[in-house]
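**Q** I would like to see how this sequence folds:
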Amino acid sequence: MKIVVFILGCIVSMIFCFIVFSLVSHYQVSKLNYTPNQSDRLTDWFIVITPLTSIIGGWLSLVIYKKYLTGR
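**A** The predicted structure follows:
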């Protein structure tokens, strides 16, 4: 069950990260002085931050799950 909780936490974190980066990208494109180089930098950040956010989200979900089990 711990693995399932960790994987679900990872998936939720990745979805959240994707939504945030999509909104930032949409904001960048709608700006007046948009250059494609800005989008390239955002893609680089997305590639670096998403796996880290996924692992942290999975770990946090596991910690919350353990507290829930010991709290009952």
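
**Q** run the chain-centre distance for the helix of greatest length in the chain.
**A** In the chain, with assignment by DSSP state H, the single longest helix is helix 36-71. Computed by C-alpha atoms, centre = their mean, to the nearest Å, the chain-centroid distance of helix 36-71 equals 4 Å.

**Q** that helix - what's its average pLDDT?
**A** The average pLDDT for helix 36-71 rounds to 89.

**Q** which other helices and strands contact that helix?
**A** If you count contacts as 3 or more C-beta pairs under 8 Å, 6 or more residues apart in numbering; DSSP states H and E, helix 36-71 packs onto helix 2-30. From N, CA and C alone the C-beta is placed, and that goes for glycine too.

**Q** can you tell me the average pLDDT over the helix it packs on?
**A** For helix 2-30, mean pLDDT is 92.

**Q** run the angle between it and helix 36-71 for me.
**A** Angle, helix 2-30 to helix 36-71, by axes from the mean of the first three to the mean of the last three C-alpha atoms, to 10 degrees: 150 degrees.

**Q** buried residues in the longest helix of the chain?
**A** Across helix 36-71, burial judged by 16 or more other C-beta atoms under 10 Å covers 46, 50, 53-54, 57-58, 61-62, 65.

**Q** out of these, who's nearest Lys2?
**A** Of all the buried residues of helix 36-71, Lys2 sits closest to Leu62, with 6.3 Å by C-beta to C-beta.

**Q** count of residues packed around the residue nearest to that closest one when sequence neighbours are not counted?
**A** Once flanking residues are discounted, Leu62 sits nearest to Phe6: 5.1 Å by C-beta to C-beta, 6 or more residues apart in numbering. Neighbourhood size, Phe6 [other C-beta atoms under 10 Å]: 18.
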